[in-house]
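[1] no FASTA, just this:
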């Protein structure tokens, strides 16, 4: 029997067990480690040049353009040759991945880089407002392949919005969202409720919701789309393809991304490793993964404990001891950057692997720096949620440290849209110091150095002209 | 002297004065009517087939694909041959118009149409979250052409967000936003503040802010981007091109859009009229423009007063008398659908002209119907703000009246993203009747017939499985 083109494989090298593509697994049944989706690349039809990988329109290597034109095209599936697990009839899409890579000269200066050397990849343009739609396109396609009819996740934010949007758009999958009711952020639920997902408020916190969703999925054969699902990460690889495409396939020196559950950094590492192995890029960029200081697991393990992937044999004792310490101290993640407010990242080991492949680094940045960086990013015309700006805050710190050279070329990933969390934006720009301390003091945010305050004026031409001249002069 | 390819022209047929493209005008200096951007089409290079109008990639008639691939492509400027006023070096873009036309079988059934006959055009996918980015691409390009360095508008919502995003992205234009401080919706300001626009809170209401911004623009040679600007409407024409492209250039029987300031319907009418005249479509679709019942000017004038374009001679006495009546009664626009909360639409006459060209109709729908329709739209996977759903609520009413045939093919325009106004969403789905009456009773909203309520469950597998089974059975 020949190896199938696509299969699942345990990431733990001593195990390396392989499983059929159609098995629904959240971990290796033999050793409990995470799974990858792997391919027999020799049998995958690929274009010759990187420039043709995501091509739209005519010509060799071009992706098929569906009837109806550009508007229906998926920014994930036009790179389908690099995630060849789903035949066309199973590819799910809500029009995700029409995102942008923008040059960001003023943010470059803020971060300490040369002004022509920084680009921002804005994933907030996805239909549900965050990068999660990329991965959900992957997971929903696998769910379709295995004939699943119900999908579930634990989440209070972006993942639930994406799952609910995909389920509603396809119309054949039912979505179930598990939320810990101890800390319900109703605003973050607006999308899941609107898109019609069954939304369960589980008495308890996020960890309880996560534990229950896994039990329920096992008991009821419900398809789990939390990012333990390796097909999520296949979809998220396409963020890297779009960054490189935007750069004309010139490899930047560094990729910088926020780190929460560590799915992005894991997927980016895999995307880059594969592109390099397939000969589409001549070298791997370096990778920087940025935690919030309020949820600093990766930073503490990598920089505090010296934990590395070590070819597949990380120091598991140190990792266990770190998490035991969190439990003993009752230490919970707490940051304004809610999308990365996670202390137990499920993709930790895949991220360590990505750091090894890409000679990567990890850092943690305070919420104050995150909000300041967010304001700088918006001045470039890209509105992002706080977690996204961790990438820019981290870049700035790494340039100051000398880890990232001032002459380096860098792409920072912005994961979600500003409208996901307008509160922090309004507070930052319009609060006085007392207001800021009241609303955000617990996160260590006391200054709004880059605030753009609204200016009250009388209903009078002269008064208004004075205000405009004063603002111009200032 | 030959006529230039593009010029400005007064819409009032007895005047029909023309002006140079580079003049900055907000009305005809001779008669005070609105201006159009017009073209000498005989000298515009156009592809032969409609299918090539917005083409990306190789082949005759294809739009140039900028270096860097799809991600940098503008959904406005790839149709640049149909708005040929700005040479390439002046074309402004923030990556707008990567929007979607989606089939909507369940919303079709809700509205009373055959399930295969309805499409929803989702403009919430624009970078600033609303259709305004299409028009702002037009206005900013003209501003660049005339060398403007400061642009201003009066707005509390989508226009200010779009203006601020364009100004920040380009980095060469300063943006000034005028807001009436009497009714500041801080949430709606989050984008303008974040993108760095100078935001003036004018003591007074929206009308005061509008009056002052016009004075200031005149006094200081500041470029006004409110939708009296005809270049805004040129950009908004592209929404129609993308709808038709999405339908393979088959003309639907009806286009249905929300009506507030009436810029969209005006632009759509012009787009369709021009396409027909140029031979790209064999007939014009009919047009339905839907007010909220809380801001029903178009509906009242058209259906109550019988006002029509009348070849350019509408009954101005009736129009004046209507507005005088609003003043006399102190009647203010008041609707949950804040993006169309406008009683004095600046594009009224252009909209009347569009209704004449397209054998159009106007209707007003209650906020209750708007929120119900919004919930139906979201069940299809498209989250929109309340104003957007007026199109679907209006469609439903017109099908019930028999004005739109049940067999008709229809495209409804959804103008903005759900995240622009998550409050209404959460309230609709999670309030009990008392809560709904408290929050939205003043808008006549008392029922949430299509609510998707969150379900509280114990932290217990059995309890959760029961809840899931119950929801499935229900």
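    Arrived safely. Everything quoted here is computed from the prediction, not taken from an experiment.
[2] look up the closest residue to the residue nearest to the spatial centre of chain A, ignoring the ones flanking it.
    Closest to where the C-alpha atoms of chain A average out (Cα atoms, centre = their mean) is residue A:264, at 4.4 Å. Excluding the flanking residues, the one nearest residue A:264 by Cβ to Cβ, 6 or more residues apart in numbering or on different chains is residue A:257, at 5.1 Å. Bear in mind the C-beta positions are built from the backbone N, C-alpha and C, glycine included.
[3] can you say which helix or strand has residue A:323 in it?
    helix A:316-329 (DSSP states H and E).
[4] next one: that helix to chain centre, how far?
    25 Å (Cα atoms, centre = their mean, to the nearest Å).
[5] who touches that helix?
    A:297, A:300-301, A:305-307, A:331, A:343-344, A:348 (Cβ atoms under 8 Å, 6 or more residues apart in numbering or on different chains).
[6] tell me the first helix or strand C-terminal of it.
    Heading C-terminal from helix A:316-329 (DSSP H and E), you reach helix A:348-357.
[7] partners of the next helix or strand after that following helix in the sheet?
    Toward the C-terminus, helix A:348-357 is succeeded by strand A:361-365 as the next helix or strand (DSSP H and E). As defined by DSSP bridges, the strand partners of strand A:361-365 come to strand A:286-292 (parallel).
[8] what is the subsequent helix or strand relative to the strand it pairs with?
    Downstream of strand A:286-292 (by DSSP H and E), the next one is helix A:297-299.
[9] and that next one, what does it pack against?
    strand A:286-292, helix A:348-357, strand A:361-365 (3 or more Cβ pairs under 8 Å, 6 or more residues apart in numbering or on different chains; DSSP states H and E).
[10] pLDDT of the longest one, averaged?
    The pLDDT scores in helix A:348-357 average 98.
[11] what's the answer for the last one, then?
    Mean per-residue pLDDT for strand A:361-365: 98.
[12] report the buried residues of that strand.
    Under the neighbour-count criterion of 16 or more other Cβ atoms under 10 Å in any protein chain shown, strand A:361-365 has A:361-365 buried.
[13] that older thread, can I get the buried part of the contacts of helix A:316-329 as one PyMOL selection?
    Buried residues within the contacts of helix A:316-329, by 16+ other Cβ under 10 Å, are selected in PyMOL with:
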select buried, chain A and resi 297+300+301+307+343+344+348
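[14] which among the contacts of helix A:316-329 gets closest to residue A:39?
    residue A:348 (24.0 Å; Cβ to Cβ).
[15] contact partners for that closest one?
    A:262, A:297-298, A:301, A:319 are the contacts of residue A:348 under Cβ under 8 Å, 6+ apart.
[16] please repeat the previous calculation with a cut-off of 6 Å.
    Counting by Cβ atoms under 6 Å, 6 or more residues apart in numbering or on different chains, residue A:348 touches residue A:262.
[17] ok, now how distant is it from residue A:445?
    Relative to residue A:445, residue A:348 is positioned 27 Å away (Cβ to Cβ, to the nearest Å).
[18] now residue A:409: closest residue in space, sequence neighbours ignored.
    Here the residue nearest residue A:409, using Cβ to Cβ, 6+ apart, is residue A:252, at 4.3 Å.
[19] what's the answer for residue A:350, then?
    Per Cβ to Cβ, 6+ apart, closest to residue A:350 is residue A:266, 3.5 Å.
[20] that's a helix at that neighbour, yeah?
    Yes - under DSSP: H, G, I helix; E, B strand; the rest coil, residue A:266 falls within a helix.
[21] what's the neighbour count on it?
    The number of residues packed near residue A:266 is 32, by other Cβ atoms under 10 Å in any protein chain shown.
[22] buried sites along the helix or strand residue A:273 falls within?
    With elements taken from DSSP H and E, the one containing residue A:273 is helix A:263-277. For helix A:263-277, a neighbour-count test (16+ other Cβ under 10 Å) marks A:263-276 as buried.
[23] and residue B:436, which of the helices and strands packed on helix A:297-299 is closest to it?
    strand A:286-292 (36.9 Å).
[24] measure the closest residue to chain B within the stretch 351-474 of chain A to residue A:206 for me?
    Chain B sits closest to residue A:381 of the stretch 351-474 of chain A, with a gap of 3.1 Å, by Cβ to the nearest Cβ. With the distance defined as Cβ to Cβ, residue A:381 ends up 33 Å from residue A:206.
[25] looking at those two, which one has more neighbours?
    residue A:381 (26 against 21).
[26] grab the nearest non-local neighbour of the more buried one.
    That would be residue B:169: by Cβ to Cβ, 6+ apart, it lies 3.1 Å from residue A:381.
[27] show residues contacting the host helix or strand of that neighbour.
    Using DSSP H and E, residue B:169 falls within helix B:158-170. Residues outside helix B:158-170 that contact it (Cβ under 6 Å, 6+ apart): A:379, A:381, B:94, B:128, B:130, B:132-133, B:136, B:140, B:153, B:173, B:175, B:177, B:191-192, B:195-197, B:225, B:339, B:416.
[28] how far away is residue A:271 from chain B?
    16 Å (Cβ to the nearest Cβ, to the nearest Å).
[29] repeat for residue A:154
    12 Å.
[30] correct me, but that residue touches residue A:213?
    Yes - applying Cβ atoms under 6 Å as the test, residue A:154 and residue A:213 come out as touching, 4.4 Å apart.
[31] what is in contact with those two at once?
    Common neighbours of residue A:154 and residue A:213 (Cβ under 6 Å, 6+ apart) are residue A:178.
[32] buried residues, the helix holding residue A:323. List them.
    So, applying 16+ other Cβ under 10 Å, buried residues of helix A:316-329: A:319, A:322.
[33] and what of stretch A:216-234?
    Those buried within stretch A:216-234 under the rule 16+ other Cβ under 10 Å are A:216-217, A:222-234.
[34] filter those down to the ones near chain B?
    Among these, proximity to chain B is found for residue A:216 (Cβ under 6 Å from any Cβ of the partner chain).
[35] least confident pick among the buried residues of stretch A:216-234?
    Where pLDDT dips furthest among the buried residues of stretch A:216-234: residue A:227, at 86.
[36] ok, that one - contacts?
    A:261, A:263, A:346.
[37] just give me the neighbour total for the first one.
    Residue A:261 is surrounded by 21 other residues when neighbours are defined as other Cβ under 10 Å.
[38] equivalent analysis for the last one, please.
    By the measure other Cβ under 10 Å, the count of residues near residue A:346 is 20.
[39] kindly report the same for the one 5 residues further on.
    Neighbour count of residue A:351, defined by other Cβ under 10 Å: 29.
[40] measure the nearest residue to it once chain neighbours are set aside to residue A:154 for me?
    Excluding the flanking residues, the one nearest residue A:351 by Cβ to Cβ, 6+ apart is residue A:262, at 3.9 Å. Residue A:262 is 16 Å from residue A:154, where distance means Cβ to Cβ.
[41] got it, and residue A:379?
    In terms of Cβ to Cβ, residue A:379 sits 36 Å off from residue A:154.
[42] the two: who's more crowded?
    Taking other Cβ under 10 Å, residue A:379 and residue A:154 do not tie; residue A:154 has more neighbours (26 against 21).
[43] what sits against that one?
    A:178, A:209-210, A:213.
[44] max pairwise distance over the residues you listed: which two?
    A:178 and A:210 (7.4 Å).
[45] which one of those two is surrounded by more residues?
    Taking neighbours as other Cβ under 10 Å, residue A:178 and residue A:210 compare with residue A:178 leading, 29 against 20.
[46] so that one sits in a strand?
    Yes - checked against three-state DSSP, residue A:178 lies within a strand.
[47] report the beta-bridge partners for it.
    Assigned bridge partners for residue A:178, using DSSP bridges, are residue A:154, residue A:200.
[48] list the contacts for it?
    Counting by Cβ under 6 Å, 6+ apart, residue A:178 has contacts A:154, A:200, A:202, A:209, A:212-213.
[49] let's go with 7 Å and repeat that
    A:152-154, A:200, A:202, A:209, A:212-213 (Cβ atoms under 7 Å, 6 or more residues apart in numbering or on different chains).
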